[in-house]
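[1] Turn this into a structure:
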Amino acid sequence: NNEIPAVITTAHLLLRGLVPAFVGCSIGDGDDGSGKKNVQASAFQMTYRKDLPKLGNDGGYTGKLSWNLGKKWGTELSSTSFPKEEDLNESNKKEHEQQIEEFWTTLEKAANRLISDSKNVDAIRKYNYDNEEAALKELGMGILDGGQCGAREKRKKKADKAKKEGKDVPSVESEPSVSVGHLVTTADGSDETTTLVLALLHGTNLVPLSHLGKIKILRDNPKNESNVVCNKKRCEVTIKFCVLPEDNAMDVTLDNSESSLKSMIGEKCMSKDVRVAEGLDYQLYMQQVAMEALSTANAAKETEAATASTTTANDDTKPSDEMVVTAFEVSGSIDYTKLIEKFGSKPLTPYMIRRLENVTVKRGTVPNVHRFLRRNIFFSHRDIEKICELLENWYGVSPPSEDESMEEEAPVNTERPTTPCPIYLYTGRGPSSAAMHLGHLVPFLFTAWLQKAFQCPLVVQMTDDEKFLFKGEYNSEDAGDGSSNTEDPDRTGDNLDRFAKLTIENAKDIIACDFIPEKTFLFSDLNYVGTMYPNIVRIWKAVTVNQVNGVFGFDGTSNIGKAAFPAIQAAPSFGSSFPTVLGGGETNAATLACLIPCAIDQDPYFRLTRDVAHKLVPRHHPLKGKPALIHSKFFPPLQGAQGKMSSSDGNSAVFLTDTPKEIARKIKVHAFSGGQDTKKLQEELGANLDVDVSYQWLRFFMEDDEELAQIGREYGSGSGEHWSTGMVKAKLVEVLTKLVEEHQERRMVVTEEVVKKWMSERCIA
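    Purely as a prediction, here's the structure:
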């Protein structure tokens with residue numbers, strides 16, 4: 001060990017932490033919470049030499065290092081995809097080599113940035129320990145690389161053998177002293193430091209990071225130098241590197257640090273959340289490569305299909321991008337015009353938006369029309385014109401002229417009617433996860449605006465019963481006899497209580513959306529269903545099993561609760577389901593009109609409701625009992641503007657619990673780009689805004705229309721301040737960080753006692 005130069009030991013420490021931070025995986029002996037074993041760097045060929053013949057007069061010291069990233073092309077451990085050997089053929093050999101070279105180039109760039117960055121002057125420190133056991137006791141097995149773990153295991157076996165043979169076994173105290181290196185980074189571009197690597201050193205000395213001068217990754221001969229092996233059975237990265245140090249680099253070595261190392265290690269020490277910018281760029285590059293390959297493959301399939309003979313009539317296969325929108329599935333490329341035709345709803349026209357403006361903005365209840373209406377995010381409706389007519393009659397105003405040019409600008413009239421509002425709002429949430437994401441937020445943000453705009457009551461249904469019926473679990477061995485459950489012998493064998501608890505957590509997020517407290521009632525189906533039960537029974541009586549199965553696709557394998565649930569979701573559409581909540585004072589709950597803001601995949605529930613609504617209301621109900629609906633488009637997942645966001649994929653969503661760093665990472669790494677592959681092409685062609693997720697998300701959450709339009713012009717043309725994907729993503733991170741932090745601040749003050757008040761049965765009409 002004493003023969004290893006300090007510059008090699010220092011470079012080895014740097015690269016041991018850099019590669020996992022580059023590809024996005026954890027290092028150590030544990031797991032990252034997903035059950036996956038963390039990566040361990042394996043050091044080998046730690047002898048060194050002067051490489052004068054290969055490197056010219058500059059000379060240099062070489063070392064070698066490798067990482068095993070598991071099976072399945074590295075996806076077991078790494079966030080970054082690598083070029084796969086299985087995909088390599090003569091036609092794409094050049095592209096494959098280019099992707100590997102991009103990996104080495106970008107990794108080398110990251111290493112040399114860390115070396116030259118002035119912020120990293122004090123980034124590296126050395127800590128001495130009496131022996132290896134003392135270091136492991138304080139810092140854990142994660143400081144060892146694969147080679148050190150192997151050597152330790154051999155020593156243990158040798159000692160066990162000697163003990164069995166009655167020979168003397170060396171004591172721990174007799175083992176040699178060791179040194180541990182600690183390297184921090186400011187990879188996020190802030191002043192906050194994070195542990196990049198913590199490792200037992202192979203040498204005894206370290207130099208300041210800047211003294212390394214430059215690191216060169218040797219890769220001319222993949223068989224003997226740096227190489228990436230990526231196939232289904234294994235993914236291994238091997239680096240042969242050369243350090244080209246400054247003159248007299250080894251004249252200054254680091255002294256032992258006296259501070260406590262253990263107290264400096266944060267929660268994210270050597271975790272997959274520690275990333276370097278260059279690694280995120282390469283990950284994005286490989287994602288774009290994958291999308292291009294998929295696009296090429298799909299185009300080839302389409303061409304093949306177009307030239308093939310006519311398929312058989314009973315062939316039920318469908319293209320992967322075929323639009324599917326049901327109450328339980330949303331996938332494919334969504335054509336909203338076709339969806340309106342398929343569902344039989346109506347488009348939300350500019351005139352209809354002017355009618356809404358006439359009974360909201362011009363009544364002084366809100367300052368302007370919501371951006372979701374201005375940008376056609378809420379795009380479809382059922383009977384909105386009747387809701388407008390009710391509100392126009394309530395205010396005593398006429399509808400605006402259909403010819404906007406003939407209409408005179410009227411002053412805002414803030415005078416309020418003395419009678420109760422003739423409508424109420426109804427929306428809901430199925431509590432399937434403790435953390436809601438931005439897609440869940442969309443209908444609640446719009447509903448909060450509608451409530452303020454109409455100054456009307458709102459009921460929010462928490463369908464904890466539905467989530468149990470569709471996603472609940474039952475473990476027969478843990479059933480009511482308690483034989484397998486010593487902690488709570490009285491519990492049943494299901495997880496219904498889990499969904500009841502999720503209701504409380506989700507209710508906190510909903511309350512934080514800034515509704516009017518005295519006009520809002522949240523309720524859990526498990527708690528409130530008794531009051532709605534008469535209407536639920538009426539709906540059951542009015543709807544046949546064939547109707548339910550036809551709309552929702554249930555069959556004989558579905559539990560009876562699934563088939564019964566549509567009536568429970570339909571019941572809040574009728575004001576008579578809330579005799580106390582909506583039936584106070586002058587209000588007749590049974591004759592209130594209901595407006596439901598929702599994503600269009602929920603429309604099937606209420607199409608069925610509208611078919612039987614006349615059977616549940618008095619004859620003078622203004623809409624004959626039918627609930628009115630206003631439909632939103634789907635909030636796209638990060639990976640692409642198809643389908644809708646899902647809680648089941650943490651990387652497809654930004655959650656309301658995410659930190660600013662997590663938001664920035666998800667947007668930078670996972671947000672699909674509509675930009676071009678190179679700067680030159682981007683400047684020539686501009687971005688495809690229709691598929692660019694960052695721009696689409698800005699349409700949802702950026703309030704300023706002019707700023708959004710300018711970003712669209714610049715990004716779409718590849719010119720101006722926001723010409724690139726990176727600039728647009730940076731703006732989105734800024735907008736989302738502010739939105740989520742403000743939401744988290746409001747949620748912090750929502751206690752369970754506050755939730756109980758909002759869920760208490762009281763008159764809100």
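
[2] in the stretch 51-200 of the chain, which ranges drop under the pLDDT threshold?
    With pLDDT under 70 as the threshold, the stretch 51-200 of the chain has low-confidence stretches at 51-59, 71-78, 86, 88, 118-122, 172-173, 186-192.

[3] for stretch 465-474, the distance to its chain's centre please.
    From the chain centre to the centre of stretch 465-474 is a distance of 24 Å (Cα atoms, centre = their mean, to the nearest Å).

[4] In space, what's closest to the residue most central in space within the chain - neighbours in sequence excluded?
    With the centre of the chain defined as its mean C-alpha position, the nearest residue by Cα atoms, centre = their mean is residue 653, 2.3 Å away. Taking Cβ to Cβ, 6 or more residues apart in numbering, and ignoring the residues beside it in sequence, residue 653 has residue 437 as its nearest neighbour in space, at 3.9 Å. For every residue, glycine as well, the C-beta is placed using N, CA and C.

[5] what about the one you found, neighbour count?
    Residues contacting residue 437 under the criterion other Cβ atoms under 10 Å number 22.

[6] now it, which residues is it bridged with?
    residue 655 (DSSP bridges).

[7] same for the helix or strand where residue 548 lies, what does it pack against?
    Per DSSP states H and E: residue 548 is located in helix 545-552. Applying 3 or more Cβ pairs under 8 Å, 6 or more residues apart in numbering; DSSP states H and E, we find helix 545-552 packed against helix 560-570, helix 603-612.

[8] neighbouring contacts of the last one?
    Looking back up the chat, that one is helix 603-612. 326-327, 343-345, 382, 539, 542-543, 547-548, 551-552, 566, 569-570, 573, 596, 598, 626-627, 629, 631 (Cβ atoms under 8 Å, 6 or more residues apart in numbering).

[9] switch the cut-off to 7 Å
    When contacts are taken as Cβ atoms under 7 Å, 6 or more residues apart in numbering, the neighbours of helix 603-612 outside the stretch itself are 326-327, 343, 345, 539, 542-543, 547, 551-552, 566, 569-570, 573, 596, 626-627, 629, 631.

[10] do the same with the first one
    Outside helix 560-570, the residues that touch it by Cβ under 7 Å, 6+ apart are 463, 465-466, 469-470, 525, 529, 536, 539-540, 543, 545, 548, 552, 554, 605, 608-609.

[11] And that helix, what's buried?
    Judged by neighbour count using 16 or more other Cβ atoms under 10 Å, the buried positions of helix 560-570 are 562, 563, 565, 566, 567, 568, 569, 570.

[12] ditto for stretch 142-152
    Neighbour counts using 16+ other Cβ under 10 Å place 142, 143, 144, 145, 146, 147, 148, 152 of stretch 142-152 among the buried residues.

[13] what about dumping the CA coordinates of that stretch to CSV?
    Backbone C-alpha positions of stretch 142-152 (Å, rounded to 0.1, in the frame of the first residue of the first chain) are rendered in CSV as follows:
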residue,chain,number,x,y,z
GLY,A,142,-20.2,0.4,3.1
ILE,A,143,-16.7,1.9,3.2
LEU,A,144,-15.3,-1.3,1.7
ASP,A,145,-15.2,-2.0,-2.0
GLY,A,146,-15.6,-5.5,-3.5
GLY,A,147,-12.0,-6.3,-3.4
GLN,A,148,-11.6,-5.3,0.2
CYS,A,149,-14.7,-7.3,1.1
GLY,A,150,-13.2,-10.3,-0.6
ALA,A,151,-9.8,-9.9,1.2
ARG,A,152,-11.6,-9.5,4.6
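
[14] rewinding a little: which of the helices and strands packed on helix 545-552 has the lowest average pLDDT?
    Mean pLDDT values for the helices and strands packed on helix 545-552 show the minimum at helix 603-612, a mean of 90.

[15] From the chain's centroid, how far away is the helix or strand that it is followed by?
    Sequence-wise, the next helix or strand beyond helix 603-612 is strand 628-632, with elements assigned using DSSP H and E. Its chain's average C-alpha position is 26 Å from that of strand 628-632, according to Cα atoms, centre = their mean.

[16] one step back: pick the one among the buried residues of stretch 142-152 closest to residue 711.
    Top of the list for closeness to residue 711, among the buried residues of stretch 142-152 and by Cβ to Cβ, is residue 142 at 43.5 Å.

[17] ok but the closest one is inside a helix, no?
    Yes - when classified by DSSP: H, G, I helix; E, B strand; the rest coil, residue 142 is found to be part of a helix.

[18] Quick check: buried residues in the helix or strand where residue 662 lies?
    Applying DSSP H and E as the criterion places residue 662 in helix 660-670. By neighbour count on 16+ other Cβ under 10 Å, the buried set for helix 660-670 is 660, 661, 663, 664, 665, 666, 667, 668, 669, 670.

[19] now the residues you listed as a markdown table including pLDDT?
    A markdown table is the format used below for the buried residues of helix 660-670 (pLDDT from 0 to 100):
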| residue | pLDDT |
| --- | --- |
| 660 | 93 |
| 661 | 92 |
| 663 | 94 |
| 664 | 93 |
| 665 | 91 |
| 666 | 92 |
| 667 | 93 |
| 668 | 91 |
| 669 | 88 |
| 670 | 89 |
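
[20] Between those residues, which sits nearest residue 178?
    residue 661 (33.1 Å).

[21] Please report how far the closest one lies from residue 731.
    Note on residue 661: its distance to residue 731, by Cβ to Cβ, to the nearest Å, is 17 Å.

[22] if we can go back for a sec, just give me how far the helix holding residue 548 sits from the chain centre.
    Its chain's C-alpha centre and that of helix 545-552 lie 34 Å apart, by Cα atoms, centre = their mean.

[23] do stretch 62-71 as well
    Between the mean C-alpha location of stretch 62-71 and the chain-wide mean there is a distance of 30 Å, by Cα atoms, centre = their mean.

[24] Same question for the nearest residue to residue 201 once chain neighbours are set aside, what's its three-state structure.
    For residue 201, ignoring the flanking residues on the chain, the nearest one in space by Cβ to Cβ, 6+ apart is residue 179 at 4.6 Å. Classification of residue 179 using three-state DSSP returns strand.

[25] Tell me if I'm right that residue 179 and residue 202 touch.
    No - at 9.5 Å, residue 179 and residue 202 do not qualify as touching, with contact defined as Cβ atoms under 7 Å.

[26] sorry, back to before: just put the buried residues of stretch 142-152 in TSV and tack on distance to residue 171.
    Compiled in TSV, the buried residues of stretch 142-152 are given as follows (distance: Cβ to Cβ, whole Å):
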residue	distance to residue 171
142	25
143	22
144	21
145	25
146	27
147	24
148	20
152	16
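
[27] Of all pairs in those, which one spans the longest distance?
    Across the buried residues of stretch 142-152, the longest distance by Cβ to Cβ is 14.6 Å; it joins 142 and 147.

[28] ok, then the element right after the worst-scoring helix or strand of the chain on mean pLDDT?
    Among the helical and strand segments of the chain, the one scoring lowest on mean pLDDT, DSSP states H and E is helix 52-55, with a mean of 45. For helix 52-55, the succeeding helix or strand toward the C-terminus, using DSSP H and E, is strand 61-68.

[29] Compute the first-to-last residue distance for stretch 504-520.
    Stretch 504-520 has an end-to-end distance of 16 Å (Cα to Cα, to the nearest Å).

[30] could you give me the average pLDDT of that stretch?
    Stretch 504-520 shows a mean pLDDT of 95 in the predicted model.

[31] Of all the residues in it, which ones are buried?
    Within stretch 504-520, the residues that qualify as buried are 504-513, 515, 519-520, counting by 16+ other Cβ under 10 Å.

[32] where does the stretch 201-350 of the chain have low pLDDT?
    Confidence mapping of the stretch 201-350 of the chain against pLDDT under 70 gives the ranges 247-252, 258-272, 290-321, 327-328.

[33] all strands of it, in order?
    214-218, 227-230, 235-244, 324-325, 330-331, 346-347 (DSSP state E, counting those that start in this stretch).
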